[in-house]
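**Student:** coordinates only, sequence not included:
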Ligand SMILES: Nc1ncnc2c1ncn2[C@@H]1O[C@H](COP(=O)(O)OP(=O)(O)OP(=O)(O)O)[C@@H](O)[C@H]1O
Ligand SMILES: [Mg+2]
């Protein structure tokens, strides 16, 4: 699903530049649930942003579902993001004046799906994350965990090939975090490829594979026995 | 194009407009005020314009009057202060020599320029009224509306020196009872019985005769008052394409020659040039019109710039939201289009509200100035082309000004827009 070869990225800061990613190689198959770990500043977000086509690598190859991602202009990148990728952010990033269902339907709007189908699909995914009865509530009326569920529903609504989550439990307490991870595992069980950036080892243990970044290189890449989040959730 | 007519596009726009009610209202007020000023001012100006026009309707507006006074320069053996007398011969000569003259009417009157109005009676009823001696042609210069059943003076009256007269409304009211038809009856003036042939309506406009006068054929008049070839003053109408000011001086030049008046004597002949007076009044109205156009446009532009400013602030506030939208797949064109449409839409709503408010104020003005307030103000309207023009300008300006925040909205990369603070 994802093929990364010798990926480099530096940030230019005035006269000197900061080499953040120093030649990453990674291959992720369909249906994997990958945790990306590493200390702060190790380049996790940078890497995820490149995968999400929000940022571009300096050199290296990136194949997404066999499609080379290279020299994208903004419009093309937007279309690819819309079609291939779902984002889940640490701070949810819901649009505050839209109801839950409107937020979930937004990527479908940019896919030019007609109104009726949009509503139907959005409701379906809200139901999937267990928030059907909250459909008409504004984000301000939802708890953190509920907001993140709406965000997950939104990421799923466009039916992307890959879900990218940057510290999706970073703003949640541990109980809520486990509930969210339970949902992530369920979605992964259905075959969706998911990448999760996290600081927390227990969250990483709930994935199937852990990739460790350090000083811009992958220092460890192990498949692990998945801990089911459901056992922590009552 | 599909984008503009898409219901979802508008839903997005309403969503973001509704989100910031205060912002939206403040924005709208700027443009609304501008268009309101524009509409109200240009409508009011138009009303003034119409008012002037109504005031002078029926008066040939390229006409003038010429009369005589006393000389102020001794000349040709005559002393200073000689009274000059216009004669019928002058009229003929002017008409022959000055091709710019369309109509020329010699006139006489008793009871206006010095001298008391003569007494007119009918049976036991009497009154004092001005009496005019006129050529029928005067009707071309200063139109009289005659009540049904009557007529104005004509050539036959002149030729036959008929003892007939046209009377004003007030004369009729004084000398006749309500249910009487004056036409065909007789009134007595200086022991002469005159048959009434018409009653003229009281004019709401500026005129000379008022409604308390009698108008007689020039020939009849001169017999009754013994004025011979004398002419009191003359009314002249020029052809439309003639420079009236020029004609005025030509007329005077010729008259000075005929009456042996020094060419530089400005006192001997008096004149009033309606054409010039009109030009001044209409020039004033035009000036007002221009001013209102200018003020209105300036205010509209200021309002639209304010919209641009506020949208720019709002785009900055919404940086993150727009980043999210782009992460979810909004293309730069879609984001730009949305901001642009917001700008145009806000401008239009404000504009239409302003037009409605302006129209209401004009309607109120119209009601207030209805009736005989004496103020020359009629039917204040704004040409539809002005309104469409204003709307068009607003769309163009709204688009142009919207381009700035729209460009700003897509100039930030989504990754920067999304970066957590
Ligand atoms: N736009 C940028 N310009 C300059 N430097 C940047 C930029 N974005 C990130 N960096 C730097 O790149 C390095 C990697 O940043 P990144 O956000 O990828 O780290 P991270 O692993 O996600 O850290 P954290 O766990 O704190 O989120 C950091 O040193 C950061 O300061
Ligand atoms: Mg990070």
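**Tutor:** Good, I have the coordinates. These numbers come from a predicted model, not from an experiment. Ligands and ions are numbered 1, 2, ... in the order given.
**Student:** from here on, just use CA atoms for contacts and neighbour counts.
**Tutor:** OK.
**Student:** which helix is the longest one in the chain?
**Tutor:** Using chain A here. Longest helix in chain A, counting residues (DSSP state H): helix A:174-189.
**Student:** chain B, not that one
**Tutor:** Assignment by DSSP H gives helix B:274-317 as the longest helix of chain B.
**Student:** does whatever helix or strand comes next after it reach chain A?
**Tutor:** Note on helix B:274-317: by DSSP states H and E, the next helix or strand toward the C-terminus is helix B:319-327. Yes - under the criterion of Cα under 8 Å from any Cα of the partner chain, helix B:319-327 makes contact with chain A via B:321, B:324, B:325, B:326, B:327.
**Student:** my read: residue B:300 touches residue B:35, true?
**Tutor:** Yes - judged on Cα atoms under 8 Å, residue B:300 makes contact with residue B:35 at a distance of 5.9 Å.
**Student:** those two: who's more crowded?
**Tutor:** Shown here are residue B:300 and residue B:35; by other Cα atoms under 10 Å in any protein chain shown, residue B:35 has more neighbours (33 against 27).
**Student:** now do the more buried one against residue B:399, distance only.
**Tutor:** 17 Å (Cα to Cα, to the nearest Å).
**Student:** please apply the same query to residue B:368.
**Tutor:** Noted for residue B:368: a distance of 39 Å to residue B:399, by Cα to Cα.
**Student:** before we move on, the earlier item: which residue in the residues of helix B:319-327 next to chain A has the weakest pLDDT?
**Tutor:** The member of those with the lowest pLDDT is residue B:321, at 88.
**Student:** for the closest residue to that residue other than its chain neighbours, give its distance to residue A:101.
**Tutor:** Excluding the flanking residues, the one nearest residue B:321 by Cα to Cα, 6 or more residues apart in numbering or on different chains is residue A:95, at 6.2 Å. Plainly put, residue A:95 is 11 Å away from residue A:101 if you go by Cα to Cα.
**Student:** strands of the chain, start to end?
**Tutor:** Going with chain A. Assigned by DSSP state E, chain A shows strands spanning A:2-13, A:16-28, A:33-38, A:59-64, A:67-68, A:85-88, A:162-166, A:193-197, A:209-214, A:217-223.
**Student:** sorry, should have said chain B
**Tutor:** B:63-68, B:86-87, B:101-110, B:119-122, B:125-128, B:130-134, B:164-168, B:186-189, B:192-200, B:213-217, B:230-231, B:233-238, B:269-273.
**Student:** okay, those in TSV with mean neighbour count next?
**Tutor:** Output for the strands of chain B, formatted as TSV (neighbours: other Cα atoms under 10 Å in any protein chain shown):
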stretch	mean neighbour count
strand B:63-68	21
strand B:86-87	18
strand B:101-110	21
strand B:119-122	18
strand B:125-128	14
strand B:130-134	24
strand B:164-168	27
strand B:186-189	19
strand B:192-200	22
strand B:213-217	27
strand B:230-231	20
strand B:233-238	24
strand B:269-273	17
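**Student:** now distance to chain A and mean pLDDT too, for those, in CSV please.
**Tutor:** Below are the strands of chain B laid out as CSV (distance: least, Cα to the nearest Cα, whole Å; pLDDT from 0 to 100):
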stretch, distance to chain A, mean pLDDT
strand B:63-68, 70, 88
strand B:86-87, 88, 92
strand B:101-110, 74, 92
strand B:119-122, 87, 90
strand B:125-128, 84, 90
strand B:130-134, 81, 93
strand B:164-168, 76, 93
strand B:186-189, 88, 92
strand B:192-200, 73, 93
strand B:213-217, 78, 93
strand B:230-231, 87, 92
strand B:233-238, 71, 90
strand B:269-273, 70, 88
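**Student:** want to throw those strands into TSV with distance to residue A:164?
**Tutor:** Below are the strands of chain B laid out as TSV (distance: least, Cα to Cα, whole Å):
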stretch	distance to residue A:164
strand B:63-68	88
strand B:86-87	106
strand B:101-110	92
strand B:119-122	108
strand B:125-128	105
strand B:130-134	101
strand B:164-168	97
strand B:186-189	109
strand B:192-200	94
strand B:213-217	99
strand B:230-231	105
strand B:233-238	88
strand B:269-273	88
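**Student:** how about residue B:288: what's its closest non-neighbour residue?
**Tutor:** Excluding its sequence neighbours, the residue lying closest to residue B:288 (Cα to Cα, 6+ apart) is residue B:45, at 6.3 Å.
**Student:** close to ligand 1: what parts of chain A are there?
**Tutor:** Along chain A, the residues adjacent to ligand 1 under the rule Cα under 6 Å from any ligand atom are A:11, A:20, A:39, A:40, A:41, A:42, A:43, A:44, A:45, A:46.
**Student:** most neighbours out of these, which is it?
**Tutor:** Using other Cα under 10 Å as the neighbour criterion, residue A:44 leads the residues of chain A next to ligand 1 with 26 neighbours.
**Student:** next, work out how far apart that one and residue A:86 are.
**Tutor:** 17 Å.
**Student:** now do the buried residues in stretch A:14-26.
**Tutor:** Neighbour counts over stretch A:14-26 (16 or more other Cα atoms under 10 Å in any protein chain shown) mark A:20, A:21, A:22, A:23, A:24 as buried.
**Student:** show me what the most centrally placed residue in chain A is bridged to.
**Tutor:** With distances taken as Cα atoms, centre = their mean, residue A:164 lies nearest the centre of chain A, 1.7 Å away. Here residue A:164 sits in beta bridges with residue A:87, residue A:195, going by DSSP bridges.
**Student:** now render the strands of chain A as JSON lines, adding mean pLDDT.
**Tutor:** Listed next are the strands of chain A as JSON lines, based on pLDDT from 0 to 100:
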{"stretch": "strand A:2-13", "mean pLDDT": "91"}
{"stretch": "strand A:16-28", "mean pLDDT": "91"}
{"stretch": "strand A:33-38", "mean pLDDT": "94"}
{"stretch": "strand A:59-64", "mean pLDDT": "92"}
{"stretch": "strand A:67-68", "mean pLDDT": "90"}
{"stretch": "strand A:85-88", "mean pLDDT": "92"}
{"stretch": "strand A:162-166", "mean pLDDT": "94"}
{"stretch": "strand A:193-197", "mean pLDDT": "95"}
{"stretch": "strand A:209-214", "mean pLDDT": "94"}
{"stretch": "strand A:217-223", "mean pLDDT": "93"}
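**Student:** can those go into a markdown table with extra columns for distance to residue B:106?
**Tutor:** Formatted as a markdown table, the strands of chain A follow (distance: least, Cα to Cα, whole Å):
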| stretch | distance to residue B:106 |
| --- | --- |
| strand A:2-13 | 97 |
| strand A:16-28 | 101 |
| strand A:33-38 | 110 |
| strand A:59-64 | 102 |
| strand A:67-68 | 100 |
| strand A:85-88 | 96 |
| strand A:162-166 | 101 |
| strand A:193-197 | 106 |
| strand A:209-214 | 112 |
| strand A:217-223 | 112 |
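**Student:** who wins for proximity to residue B:197 among those?
**Tutor:** Judged by Cα to Cα, the one of the strands of chain A that comes nearest to residue B:197 is strand A:85-88, at 97.3 Å.
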